[in-house]
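>>> what's the 3D shape of this:
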Amino acid sequence: MDVYVKLKSAGKRRPVLNNTLYTLPDDVATLRQLIAATVRQEVAAYNSKGTDNALVPFLTQAEIEDASTVGKVGFGRLYSEKKADPDKAVEVALLGFEDGLFRVIVGESEVVELDAPLTINEGDVITFIRLTFLAGRLW
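Prediction:
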């Protein structure tokens, strides 16, 4: 099933990523399964990048301008050969949701329970909103 995923941060005006096409397994029936499937795709993409061995790294003016619209200019390279563990990444993402670090909206409705039945239709927009602390200390 093809859906669009949008990532947002509460303190930013623009989305970090515009609607990005994701293909989810057809058996995704809960928010827990949705988060797990999304995280596993991201980990697979990260692990497939590989390390960079460029002798003279550089960015073109167009790449700098594109990156500056997002707010971070960098080479986008991996300097470590260590691969991410998909199971650990899913565990951390689920803990982050339980701790209230991000919210998930499917279509126009916020999903608040990890194991409640979830209906996702072809072409739905799924928005992940990362919440940030604005000021002060945690304790």
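
>>> mind listing what's buried along stretch 114-134?
For stretch 114-134, a neighbour-count test (16 or more other CB atoms under 10 Å) marks Leu114, Leu118, Ile120, Asp124, Ile126, Thr127, Phe128 as buried. All C-beta atoms are positioned from the backbone trio N, CA, C, and that covers glycine.

>>> now do the same for that stretch: mean pLDDT, whole number.
Averaged across stretch 114-134, pLDDT comes to 88.

>>> so how far is it from its chain's centroid?
For stretch 114-134, the gap between its own C-alpha mean and the chain's C-alpha mean amounts to 11 Å (CA atoms, centre = their mean, to the nearest Å).

>>> and Ala89, what does it touch?
By CB atoms under 8 Å, 6 or more residues apart in numbering, Ala89 lies in contact with Val39, Arg40, Glu42, Val43.

>>> which one of those residues is nearest Val92?
Of all those, Val92 sits closest to Val39, with 8.4 Å by CB to CB.
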